[in-house]
Structure formats: C-alpha cells, structure tokens
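S.K.: the amino acid sequence is not available; the structure is as follows:
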C-alpha cells in the first residue's frame, strides 16, 4: 500500500486543470430519501484515482460506499459536484449518455459475479462486448482474458456450474474485456473464504496495474487491503484517509 | 439478439411450457375456425354461390325470417329490372321440404332439401358439372353433397305428403347448402306448385304462379344498387346478399357463438403470453439491472424479450396449426360441418401471434422500470 498522493480535498486548481485519464470526483454530495427520512449518503466527497491505481474504500454498512460506486459508475446523479472520467464530466449527462459511458468506459465487478445464468463463461465476455458494441482486441480477446484469470478451462460452463471464486474471476474478466478506463468493484469477496478472497483481490490488483485501469473497490474485508495502492475510509458519507 | 437466443435455449423448459399452452390454443383455434367455416358453408353456401348482389323481400320482412315468411309477386322483378343500377332481376323461391329418395338400386333414404325455385333461363340457373341443366318440370339440379350421401343422377326424390316426384338430372359439383340442408334447384313453376302445397294431381290455387320468396337482384358492373330507393319504388324490403345470410336458420346464433369462443381464445392467449413475460421479467429483474448497469439500452433489452416472444409464438402457433390441420383433416371425413380454408386459418394465425406479441409488449414495459442501481449490493 502506498500513501495517498490525492487528499480527500484535493487542491481545486489541480483538480480543475486535470487533463489526464482516470477518475476524478469533486465535491460530490448525494442525499437519499424524502423529507424527514432524508439521509446524506455522500457528503462533499473528493477522490482522484489515476490510471493503473487500485484504491480500496472500507467502512461500515450504510456509510455510503455503494453510493460512491453508483455516482462514480454513472448509475445515479449527485446533488452537487462533478465526476470526471478521462476529463469528461459524466455526472450531469442524460440517462442515454450515462448508459453509453457505462458500456464504453466503465467496468463493474459485482458481488458474487452477478453473472447471467443463461450464458457460459465465454459468452459472458462476448455479451459484454456485444453490449459495448466493441470487437475483441489483442490482449482483450475473451478467450485470452479467461485464460489470464485462470478460467480458460471453464469457458463452456454456466454460472451454476462454477464456484463462487470462479464466478468472481469470470466477472472480473467480463468487466475488463471492454477495455474500460475505470473499474468499479463492489464487495468482490463477500461470499468467498479467506484464501479465495486473497486470490481474487490479487488478481484485481494485477489486472489493474497490467491494463492501466483506475480501480475503486469497496469492501468490508480488511484482510485483502494489503494488495491495494491506497485505502480510504468512509463513515457517514465522508471519505477520509 | 445475443442474449435472447441463449436464454431461449437455457430456459427451454419454461419457454416450452408456455409454447405448449399457445400450441394447444392454436389447435383449438384451428378446430373452431374449421367448424366456423364448415357451419358457414352448411348454413349459407347455397346463397353464397348465387350470382346475386341483393334480395328484395316482401315489404316489412324481418331478417331472421326472410326466406321462410316472405312472399313477393313475380311482377315486382320487372319493376326492379327497370331501375338504372340493376342489371337483372328475377324471382327466387326458397322452401325447405322433407323427402324420400329412392336410389337406382331401389333403396329408400329420407332427406331434407332446400328447394331453390329459379327460372331456367335466368341468371340464377345453376351451371352443372355433371348431367343436364334445369328444363324438365320435374328435373332437379342438386348440390354435390347429396351425391356424396349415396344418391346419383337419375335417382328420384319424392316430397313427403305432396308425393311430388322429382328426378335428379344434374349436379353443381360443389357444396350448396342452406340452413344445413342440401340445395336442389328446380324450375320456378314446379317450385310454385310445391310452395302452394299442391301435389301432382291437385289443382293449384289461384295466384300461386304469381308468387316467389324474393326478387334476386344483380347490380350493373361496378355499381351498388340503391336498395332503399328501389324498395320505396317497388314496395319491397331489400337486403344485401351478406345481410340475407342472417335469414338462414340458426346461422346467426351459430356464428355468434363460435366467434365469441374464438374471441375468448385470443384473449386467453394474449393473457397467457403477457402473464408469462411478466413473471419472466420479474424473475430476471436483478439480471436486467446488471445488464443495464453494463450499459445496455432499454430498447435493446425490450427487443431481446420481444424476439423471444415472437420466436415462441411463431413456433408454437405453427406447431399448433399443423396439429390442428392434421386433426381437422380427419374431421372433414365425418358428417361434422368442418372446412379447412386457407384465408381464415392464416388470419387466425396472424391474429394469435399479433395478440400474443401485444400481451408480451405490455409485460416487458416493466423493463423500463428496472433500475441499474439494483445491480449493486445484491446477492445472486
């Protein structure tokens, strides 16, 4: 783990003039619910993740980790602030534009893989390419990627024929096959034992560095944090070192 | 379509069950369509094959009793013929009788006949496919269905009580029935004697030879006949040929019943398909959220689901129709009024598929409401 080069409140001049890849979240606030039931899920959050950087966010349930992923992944619109993906503000984009950003530049790794039951491991990757409207490319060929994550021998198996760790490996390969700029990882070890958890996060760290992807992983699992470049903590919607 | 095909194969048991229900409905639709066509043929094929645009009945005649109650004067044909939009008009007689037929071998069989009295020289005179045409006072030209029952040209038919003897001289070569009774054409004058209740040796009452059931009207090419204007001038109540079908005994009740059953079947089919795809969409809600989180558009997901619906509906309807036509072919060899006609079957198939797709479309509207946010945090 390296120390942070990006503070919770980065210098606004530096952030505003940033013209490089990766993900930059500036002053994002998000409230959920109505009236008296309104809660602040994200409170003036700043986060800068460079290409090839693997950032972990830990915190208790309800602290806002998933909300941060939702905002970073163009799944929801923040009340205030900006989300810059390769210098493009995606926070105020239309629903159609957000969907385009997701399929072209953002990869998701969900809990337990969240694979599609009808598809084989290989088809999971082909389908992701189909959705993104992309063709397989060198280093991102579905078969090659499955081999890279150690699932080449299970390419013809469907999710119910795979173990939890295998499903998660396929999920990682599916997220990477479209060559995303940002990889958002939601509790990847939630259903795995210690050894498999370590394998999966090692794989994520390796692929993040190898492909130069800006990766954010939210997790409860403190045992896997050693593989991350940075670890941030989230409590009551506030992000801190 | 990448996902649609793979899901069809993966969930083939579920889709197969739904397709099976649609196929069973398709079989029923074919059988009902065949029964409907058969009943129409049995009820009004004799009228359908008349080269007529309209009938002018006695003034004030109601549709449901037109052919049994109406009596017009044959001179009214001349009045109609004088109208600009009428190419020709001729008296037409229609009466149902019980009779006994005697075959050449001497066997007797009871039959019912719809006697169509027509002037042998008029446009109503039937073309014959076998035998000779109308001419002899006691000669009748019959529907092919009478010959299919075992009678032959040359056999004799004796009308009950009147003892009027009629001889089969020719056949139309096709089915001509009215109110489920086989049609026999005979010269108008002979028909007038039967209608008047006069046997061969009886004196015919005065005025009987002036009577007919209706005046058959034929329009000039491309013209519609001004029926209300003609009725006002001639003193008749006219109806188009299609409207006159309602005067065939039982026709309206039978067709209305079958139509009602068919409408219910179409509605059930649409509901079955709609319900299936509603449940299918609800079951896949989390999966759809994941796919939407990956960036798939709503339209793309809806297209996928509608493709699945179209494939299942088309395949199961085709299978159901094939089985229905197979079963229906057996029914055509029985006395049951059943006819497999291409146009109604194609229409029924398209309607079944179209309504099924409408049901599916209503169901997959739920996809619009699937929030991609649900992909986060959930367990599968």
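M.R.: Okay, I see it. From a predicted model like this one, the values you see are computed outputs, not experimental measurements.

S.K.: ok, how many other residues are close to residue B:253?
M.R.: 10 (other Cβ atoms under 10 Å in any protein chain shown). C-beta: built from backbone N, CA, C; applies to glycine.

S.K.: surely it is within a helix?
M.R.: Yes - looking at residue B:253 with DSSP: H, G, I helix; E, B strand; the rest coil, it is inside a helix.

S.K.: how far away is it from chain A?
M.R.: 50 Å (Cβ to the nearest Cβ, to the nearest Å).

S.K.: where along the stretch 101-250 of chain B do the strands fall?
M.R.: Ranges of strands within the stretch 101-250 of chain B are B:108-118, B:130-131, B:139-142, B:156-159, B:165-171, B:177-178, B:181-187, B:211-212, B:214-219, B:236-240, based on DSSP state E, counting those that start in this stretch.

S.K.: mean neighbour count and mean pLDDT added to the ones you listed, as CSV?
M.R.: Below are these laid out as CSV (neighbours: other Cβ atoms under 10 Å in any protein chain shown; pLDDT from 0 to 100):
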stretch, mean neighbour count, mean pLDDT
strand B:108-118, 19, 95
strand B:130-131, 16, 94
strand B:139-142, 26, 97
strand B:156-159, 19, 95
strand B:165-171, 20, 96
strand B:177-178, 25, 94
strand B:181-187, 25, 96
strand B:211-212, 23, 96
strand B:214-219, 25, 96
strand B:236-240, 21, 95
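
S.K.: reformat those strands as JSON lines; add distance to chain A.
M.R.: Shown next, in JSON lines, are the strands of the stretch 101-250 of chain B (distance: least, Cβ to the nearest Cβ, whole Å):
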{"stretch": "strand B:108-118", "distance to chain A": "61"}
{"stretch": "strand B:130-131", "distance to chain A": "63"}
{"stretch": "strand B:139-142", "distance to chain A": "63"}
{"stretch": "strand B:156-159", "distance to chain A": "69"}
{"stretch": "strand B:165-171", "distance to chain A": "62"}
{"stretch": "strand B:177-178", "distance to chain A": "55"}
{"stretch": "strand B:181-187", "distance to chain A": "59"}
{"stretch": "strand B:211-212", "distance to chain A": "72"}
{"stretch": "strand B:214-219", "distance to chain A": "59"}
{"stretch": "strand B:236-240", "distance to chain A": "55"}
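
S.K.: can I assume residue A:239 sits in a strand?
M.R.: Yes - counting by three-state DSSP, residue A:239 falls inside a strand.

S.K.: is the nearest residue to it once chain neighbours are set aside in a bridge, and if so with what?
M.R.: Leaving aside its sequence neighbours, residue A:239 sits nearest to residue A:45 (Cβ to Cβ, 6 or more residues apart in numbering or on different chains; 4.8 Å). Residue A:45 has these beta-bridge partners by DSSP bridges: residue A:28.

S.K.: and of the strands of the stretch 101-250 of chain B, who's closest to residue A:78?
M.R.: Residue A:78 lies closest, by Cβ to Cβ, to one member of those: strand B:236-240, at 70.3 Å.

S.K.: that closest one packs against which elements?
M.R.: strand B:54-58, helix B:227-234 (3 or more Cβ pairs under 8 Å, 6 or more residues apart in numbering or on different chains; DSSP states H and E).

S.K.: show me where the chain has its helices.
M.R.: The chain I'm using is chain A. Taking DSSP state H, the helices of chain A run over residues A:12-16, A:65-72, A:95-105, A:121-132, A:142-148, A:164-176, A:194-211.

S.K.: try chain B instead
M.R.: Counting by DSSP H, the helices of chain B are B:2-10, B:12-48, B:66-69, B:75-81, B:144-148, B:188-195, B:227-234, B:241-244, B:251-283, B:285-293, B:298-331, B:342-364.

S.K.: do the longest one and chain A meet?
M.R.: No - for a cut-off given as Cβ under 8 Å from any Cβ of the partner chain, helix B:12-48 has no contacts with chain A; the smallest distance is 10.3 Å.

S.K.: before we move on, back to that, highest average neighbour count across the helices and strands packed on strand B:236-240?
M.R.: strand B:54-58 (a mean of 26; mean count of other Cβ atoms under 10 Å in any protein chain shown).

S.K.: got the contact list for it?
M.R.: Under the criterion Cβ atoms under 8 Å, 6 or more residues apart in numbering or on different chains, residues B:66, B:69-72, B:76, B:80, B:89, B:92, B:213-217, B:219, B:225, B:227, B:230-231, B:234, B:236-241, B:244 lie in contact with strand B:54-58.

S.K.: again, 7 Å this time
M.R.: B:66, B:70-72, B:76, B:80, B:92, B:214-217, B:225, B:227, B:230-231, B:234, B:236-241, B:244 (Cβ atoms under 7 Å, 6 or more residues apart in numbering or on different chains).

S.K.: rounded mean pLDDT for it, please.
M.R.: The average pLDDT within strand B:54-58 is 96.

S.K.: check contacts around the residue nearest to residue B:336 when sequence neighbours are not counted.
M.R.: Leaving aside its chain neighbours, residue B:336 sits nearest to residue B:38 (6.9 Å; criterion: Cβ to Cβ, 6+ apart). Residue B:38 makes contacts with B:336, B:337, B:338, B:339, as judged by Cβ under 7 Å, 6+ apart.

S.K.: measure residue B:38 to chain A for me?
M.R.: Residue B:38 sits 45 Å away from chain A when distances are taken as Cβ to the nearest Cβ.

S.K.: got the confidence number for that residue?
M.R.: 89.

S.K.: how close does residue B:82 sit to chain A?
M.R.: 72 Å.

S.K.: what's around that residue, how many residues?
M.R.: Using other Cβ under 10 Å, residue B:82 has 12 other residues around it.

S.K.: ok and the residue in chain A nearest chain B?
M.R.: For chain A and chain B, the shortest gap (Cβ to the nearest Cβ) falls at residue A:103, measuring 2.5 Å.

S.K.: what sits against the nearest residue to that residue once chain neighbours are set aside?
M.R.: Ranked by Cβ to Cβ, 6+ apart and with sequence neighbours excluded, the top spatial neighbour of residue A:103 is residue B:295, at 2.5 Å. By Cβ under 7 Å, 6+ apart, the residues touching residue B:295 are A:99, A:100, A:102, A:103, A:131, A:132.

S.K.: switch to 10 Å and redo it
M.R.: With contact taken as Cβ atoms under 10 Å, 6 or more residues apart in numbering or on different chains, residue B:295 is in contact with A:73-74, A:98-106, A:108, A:128, A:131-133, A:178, B:372.

S.K.: next one, pLDDT for residue 7 please.
M.R.: Unless you meant another one, I'm taking chain A. 36.

S.K.: could you do chain B instead?
M.R.: So, for residue B:7, pLDDT stands at 94.

S.K.: against residue A:160, how distant is residue A:122?
M.R.: 16 Å (Cβ to Cβ, to the nearest Å).

S.K.: would you mind telling me which of these two has more residues around it?
M.R.: residue A:122 (20 against 8).

S.K.: so what's the residue count around the spatially closest residue to the more buried one that is not a sequence neighbour?
M.R.: Nearest non-adjacent residue to residue A:122, counting by Cβ to Cβ, 6+ apart: residue A:155, 4.1 Å away. Neighbourhood size, residue A:155 [other Cβ under 10 Å]: 17.

S.K.: one more: residue B:87?
M.R.: Counted with other Cβ under 10 Å, residue B:87 comes out at 15.

S.K.: quick one: residues contacting it.
M.R.: B:53, B:81, B:123, B:217, B:218, B:219, B:220, B:221, B:223, B:225.

S.K.: and if you look at residue B:210?
M.R.: Neighbours of residue B:210 in contact, by Cβ under 10 Å, 6+ apart: B:71, B:72, B:73, B:74, B:75, B:76, B:91, B:192.

S.K.: on the pLDDT front, check residue 233 for me.
M.R.: Went with chain A since none was named. For residue A:233, pLDDT reads 95.

S.K.: nope, chain B please
M.R.: Residue B:233 is given a pLDDT of 95.

S.K.: in contact with it, which residues?
M.R.: Contacts of residue B:233 (Cβ under 10 Å, 6+ apart): B:79, B:80, B:82, B:83, B:226.

S.K.: for residue B:188, same thing?
M.R.: B:74, B:90-93, B:116-120, B:122, B:124, B:134, B:195, B:209, B:211-212.
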